[in-house]
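J.: sequence-free structure coming up:
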């Protein structure tokens with residue numbers, strides 16, 4: 001039986017569900033949300049760089065960069081969809097922040113479990 005029972009991409013949705021449990025109206029003002037979004041984006045960039053620096057194999061590094069670029073495009077399109085569907089969502093600002101928080105959590109899992117520790121990768125199933 002495989003160690004991981006859920007496909008790894010499901011972690012993002014599980015983590016996003018945790019963040020989404022807080023109603024949008026109860027979060028904060030648009031100004032505070034904008035500041036949080038900027039701070040979370042800065043943290044995402046920092047953790048991304050740490051993961052990138054931890055990858056020694058050039059081909060694996062290229063795959064990681066390509067995956068991140070695809071995720072950025074996905075995030076952009078998904079936030080645009082969310083904003084169009086929910087016009088009161090402040091252009092999807094809270095949703096964008098939640099997506100970045102989930103990505104940060106995933107990157108931290110990668111950093112905490114290098115291949116030398118577990119060649120099957122981190123357990124990304126939502127608990």
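T.: Good, I have the coordinates. Because the structure is a prediction, the values reported are computed rather than measured.
J.: what secondary structure does residue 56 sit in?
T.: Following DSSP: H, G, I helix; E, B strand; the rest coil, we place residue 56 in the coil state.
J.: Tell me where the model's unsure across this structure.
T.: Along the chain, the model assigns pLDDT under 70 to residues 1-30, 126-127.
J.: ok, for the spatially most central residue of it, nearest residue in space, not its chain neighbours?
T.: By CA atoms, centre = their mean, the chain has its centre lying nearest to residue 103, at 1.4 Å. Spatial nearest neighbour of residue 103, excluding adjacent residues (CB to CB, 6 or more residues apart in numbering): residue 44 at 6.0 Å. C-betas here are computed from N, CA, C, even on glycine.
J.: list the helices and strands the helix or strand containing residue 60 packs on?
T.: For residue 60, the host element (DSSP states H and E) is helix 58-85. With contacts taken as 3 or more CB pairs under 8 Å, 6 or more residues apart in numbering; DSSP states H and E, helix 58-85 sits against helix 30-54, helix 93-112.
J.: Pull out the buried positions in the last one.
T.: What that stands for is helix 93-112. 93-107, 109-110 (16 or more other CB atoms under 10 Å).
J.: Equivalent analysis for the first one, please.
T.: By neighbour count with 16+ other CB under 10 Å, helix 30-54 contains the buried residues 33, 36, 37, 40, 44, 47, 48, 51.
J.: for stretch 63-80, same thing?
T.: 64, 68, 75, 79.
J.: Looking at these, which is nearest residue 118?
T.: Closest approach between the buried residues of stretch 63-80 and residue 118, by CB to CB: residue 64, at 17.4 Å.
J.: give me the number of residues near the nearest residue to the closest one once chain neighbours are set aside?
T.: Spatial nearest neighbour of residue 64, chain neighbours left out: residue 55 (5.7 Å); criterion: CB to CB, 6+ apart. Around residue 55 there are 17 other residues, counting by other CB atoms under 10 Å.
J.: repeat for the one 3 residues further on
T.: Counted by other CB under 10 Å, the residues lying close to residue 58 total 8.
J.: I appreciate the help and will end here.
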